[in-house]
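**Q** coords please:
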Amino acid sequence: MKAGHLLIGLLIVLVLARAGLRVTNGLSADYFANERLAGSPALPTVDADVSPGRLDAAWVGDPPPKFSVRWQGYVTIPSAGSYVFATRFDDGSRVTIGDALVVDNSGNHVPLTRSGRVSLDAGAHRILIEYDQAGGGCELALLWGAEVGALTPVPSWILSPQRVPLWKLRAARTLGWLSFAAISAALTWGLWIVLRSWRATVSAVGRRPRAASLALFIVLAVVETWPLARRPGRLSRNDNRRAGAQDVRRLQRPRWLRHWTPRQADAISDGRRAQIAASVDTISAAAGPSFWRDARTISFIETIPVRAPSPATTGRRRT
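**A** This next block holds a predicted model:
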């Protein structure tokens, strides 16, 4: 038990130390529902890196036919020298570091790699990446290296929305590694304890089924709602994110399990509405007989209206 207490204490110290640094890795990202970076962004967020996975997550797997993205922040160079930056994008992209346009990969084209060389001092430098997608396939990668033939993806730990000293970035990365190691060790220790005393665990569950159901409910609630809480824009429509952003954020808080109906519920699409209902059904089924008795708690799901499809959309579906 002492080893477990030490692991938990170490994990708490590491997490608090990492949080105390107040370092955010990645770049500020503005997603636009047009290919011209025009108007207000449909989704402002922070992306840990510039990759297809981040783009797909931002658009919830359903990007508009034409869109554009602006990433901006700081790239912190570990040591002074000459560096090659490159983009492999479909379609156009541009990379500006400081006041210099380093990579110009503009135009509508298939995946194409273009690069540029720049001399940088050690420390943080302002970086701006612009990307436009005019339709068709989508591919993107931000690369760097000492030579054109040895390019690798720019690591996320040297990217930040604000200017951050290099020592803080290195400390945050080290604490992140140590936290991951401590979490792995704590989970291994917990599994060992459970396997060692599995008979006592089963007996305890049998003696207190309601407490066990409540614990399972809490775990499932965290697992089901954590991705939604991290990305508040995920539940709203791509073409109506601003209208329902405030209500969507409120919907994703824990109190959405209470009798709360969003004021602009039509901002939630039928697919996302079904997703919420499925999540609640999963939690309810798991914890149901002994704890989740009040069906009225999730009755607000049935009250959320579904926006009727437009005639144009209906016409496209019929064809």
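**Q** can you pull out the strands in this protein?
**A** In the chain, the strands defined using DSSP state E lie at 27-32, 43-47, 67-77, 81-89, 92-97, 100-105, 112-120, 123-133, 142-145, 152-153, 159-160.
**Q** So which of those is nearest residue 209?
**A** Set against residue 209 and scored by Cβ to Cβ, the strands of the chain come closest in strand 43-47, at 41.9 Å. To be clear about C-beta, it is placed using only N, CA and C from the backbone, and glycine gets the same treatment.
**Q** Can you list the buried residues in the longest helix seen in the chain?
**A** The residue-count maximum for a helix in the chain (DSSP state H) belongs to helix 166-196. When burial is assessed from 16 or more other Cβ atoms under 10 Å, helix 166-196 yields the following buried residues: 169, 171, 172, 173, 175, 178, 179, 182, 185, 186, 189.
**Q** gap between the residue lying closest to the fifth one once chain neighbours are set aside and residue 12?
**A** So the one you mean is residue 175. Nearest residue to residue 175 in three dimensions, chain neighbours excluded: residue 18, at 4.2 Å (Cβ to Cβ, 6 or more residues apart in numbering). For residue 18, the distance to residue 12 equals 11 Å [Cβ to Cβ, to the nearest Å].
**Q** These two: who's more crowded?
**A** residue 18 (18 against 11; other Cβ atoms under 10 Å).
**Q** Is that one in contact with residue 172, as I believe?
**A** Yes - if you go by Cβ atoms under 8 Å, residue 18 and residue 172 touch, sitting 6.2 Å apart.
**Q** How is the protein divided into domains?
**A** 1-23+165-196, 27-163, 207-313 (automatic domain parsing).
**Q** weakest of those in terms of mean pLDDT?
**A** Note on the domains of the chain: lowest mean pLDDT is at domain 207-313, with a mean of 52.
**Q** Run a quick neighbour tally on residue 221.
**A** Counted with other Cβ under 10 Å, residue 221 comes out at 18.
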